[in-house]
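Novice: Compute the structure for the input listed below.
(one chain, ligands or ions: 2)
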Amino acid sequence: MNIVILKNELPDSSKKWEASCKRKEINYSVVDLTAFDWFERIITIKPELLLLKPSGLTAPYKELYDERLRILVEECGINCYPSLKSVLLYENKRFLSFWLKANQVSHPETYIFYKESEANKFSEQRVSFPVVAKTNIGASGSGVSILETKNDLEQYITNTFSGKGASKRKGPNLKKGGLLKRGLKLVFNPQQLKNKIEVYEARAADIQKEFILIQEFIPHSFEWRVVRIGDSYFAHKKLLQGNKTSGSLQKSYENPPLELLDYIKELTDKHDLDSVAIDLFSHNKKYLINEIQCIFGQSDSYQMKVDGVIGRYIYTDTWEFEKGDFNNNENYDLRLSHALLKYNTKK
Ligand SMILES: Nc1ncnc2c1ncn2[C@@H]1O[C@H](COP(=O)(O)OP(=O)(O)O)[C@@H](O)[C@H]1O
Ligand SMILES: [Mg+2]
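Specialist: Ligands and ions are numbered 1, 2, ... in the order given. I've put the predicted structure just below:
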């Protein structure tokens, strides 16, 4: 069984998949999908399964990863994990909003303008504020601006289309906490520091000036993060810090309502999204989907606690909670088990 890990432009991007493969004693190769001879390198290996770490830092590399993966999956017929669809939805808020609308999945109403004149007209006619502006790519709240007034919106539109670009945070996340500790850790690890600086520089250079994405403001004190990997389900609350829950790392491990799990199961079954984290607002007795991510960070060593016990939910005829540690290696171990089960591969 030939397995290829497709790393992205970041040097360490294959490491977690590699650790999981080693733990399971599975042979693999690593190919840099951003290399000029990516196609030849991959095809000579004759892979039966591609393990993915999609790009989510800048628009050019996101486009590169999506495009090359489409060739491998759609034209060459190679299996990949997570699925192509989930990669296309990943770190693409614009595409996600179209997808949610087309599939009639409830989400915060989203407006995308490529024409400055249309954006200005929207702004002129807009009565209720705040509104939320988002860059297409941008983890941990870095590209999200809450615009409180018409003036703020006008300024945002002008900045974007004048070439300055939509505003976003370029440096470290000050809200994340432990800044000094994180900074010191980097000082003592020059390679990691260099990688971090490269990430900040890449983000700063990636200016979004072609379009703006505006969303209705949804009042909330938390977002649900629900994870499905194969038959395993996890859920916890991400709590608001300032005006964003993303990147704050403040969690609340509470028992999720089972109807939330029902909702996610139905949605992910229907759309064949079997390895994703879904972030949702609970608003006016409805769930509104905010993000769907096939690869996501994990700040604690677990994703869920029910009555103080770490574990997962599985569905047989009803929901059953199973105690245990299922989120090892930021969920890559669980992903790998699921990928092997799905593609019926032997060791
Ligand atoms: N439509 C919205 N209304 C109100 N707050 C929002 C809205 N969308 C996002 N936010 C807040 O901003 C945070 C970051 O937005 P999100 O879309 O999740 O981007 P990111 O990719 O940075 O996580 C969210 O965690 C949420 O707290
Ligand atoms: Mg988010």
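
Novice: mind listing what whatever residue of the stretch 201-347 of the chain ends up closest to ligand 2 touches?
Specialist: Using C-beta to the ion, the closest approach of the stretch 201-347 of the chain to ligand 2 is made by residue 246 at 3.6 Å. C-beta coordinates here come from the backbone N, C-alpha and C atoms, glycine included. Contacts here follow C-beta atoms under 8 Å, 6 or more residues apart in numbering; on that basis residue 246 touches 139-141, 144, 223, 238, 279.

Novice: ok, of these, which come out buried?
Specialist: Among these, those scoring as buried are 139-141, 144, 223, 238, 279 (criterion: 16 or more other C-beta atoms under 10 Å).

Novice: Secondary structure element holding the residue of the stretch 201-347 of the chain closest to ligand 2?
Specialist: Using DSSP states H and E, residue 246 sits within no helix or strand.

Novice: Now secondary structure and distance to ligand 1 too, for the buried ones among the contacts of residue 246, in TSV please.
Specialist: Formatted as TSV, those follow (DSSP: H, G, I helix; E, B strand; the rest coil; distance: C-beta to the nearest ligand atom, whole Å):
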residue	secondary structure	distance to ligand 1
139	coil	5
140	coil	5
141	coil	4
144	strand	4
223	strand	5
238	strand	7
279	strand	6
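
Novice: now the strands: where do they sit in the stretch 1-150 of the chain?
Specialist: For the stretch 1-150 of the chain, the strands defined by DSSP state E, counting those that start in this stretch cover 3-7, 29-32, 49-52, 79-81, 110-113, 131-134, 144-147.

Novice: Likewise for the stretch 151-300 of the chain?
Specialist: Secondary structure of the stretch 151-300 of the chain, counting by DSSP E, counting those that start in this stretch: strands at 212-216, 222-229, 232-239, 251-252, 275-283, 286-293.

Novice: least reliable of those strands going by mean pLDDT?
Specialist: Lowest mean pLDDT within the strands of the stretch 151-300 of the chain: strand 251-252, a mean of 91.

Novice: Any part of that one near ligand 1?
Specialist: No. Contact of strand 251-252 with ligand 1 (C-beta under 6 Å from any ligand atom) is absent, the minimum separation being 12.5 Å.

Novice: who does that strand pair up with?
Specialist: The strands beside strand 251-252 in its sheet (DSSP bridges) come out as strand 232-239 (antiparallel).

Novice: Just the buried positions in the strand it pairs with, please.
Specialist: 232-238.

Novice: Equivalent analysis for stretch 63-80, please.
Specialist: 64-66, 68-69, 72-73, 78-80.

Novice: average model confidence for stretch 313-330?
Specialist: On average, stretch 313-330 scores 96.

Novice: Need the contact partners of that stretch.
Specialist: Residues outside stretch 313-330 that contact it (C-beta under 8 Å, 6+ apart): 16, 19-20, 23, 231-235, 256, 258, 261, 265, 297-298, 301-304, 306, 309-312, 334.

Novice: That one: which residues count as buried?
Specialist: 313, 326-327, 329-330.

Novice: Out of those residues, name the ones that lie in strands.
Specialist: Members of the buried residues of stretch 313-330 lying in strands (criterion: DSSP state E): residue 313.

Novice: Nearest to residue 160, out of the buried residues of stretch 313-330: which one, please.
Specialist: Minimum distance to residue 160 across those is 33.8 Å, recorded for residue 330 (C-beta to C-beta).

Novice: quick one: residue 253 from residue 20, how far?
Specialist: 24 Å (C-beta to C-beta, to the nearest Å).

Novice: who's in contact with stretch 336-347?
Specialist: Contacts for stretch 336-347 (C-beta under 8 Å, 6+ apart): 1, 3, 17, 20-21, 24-26, 48-49, 51, 79, 81, 229-230, 232, 274-275.
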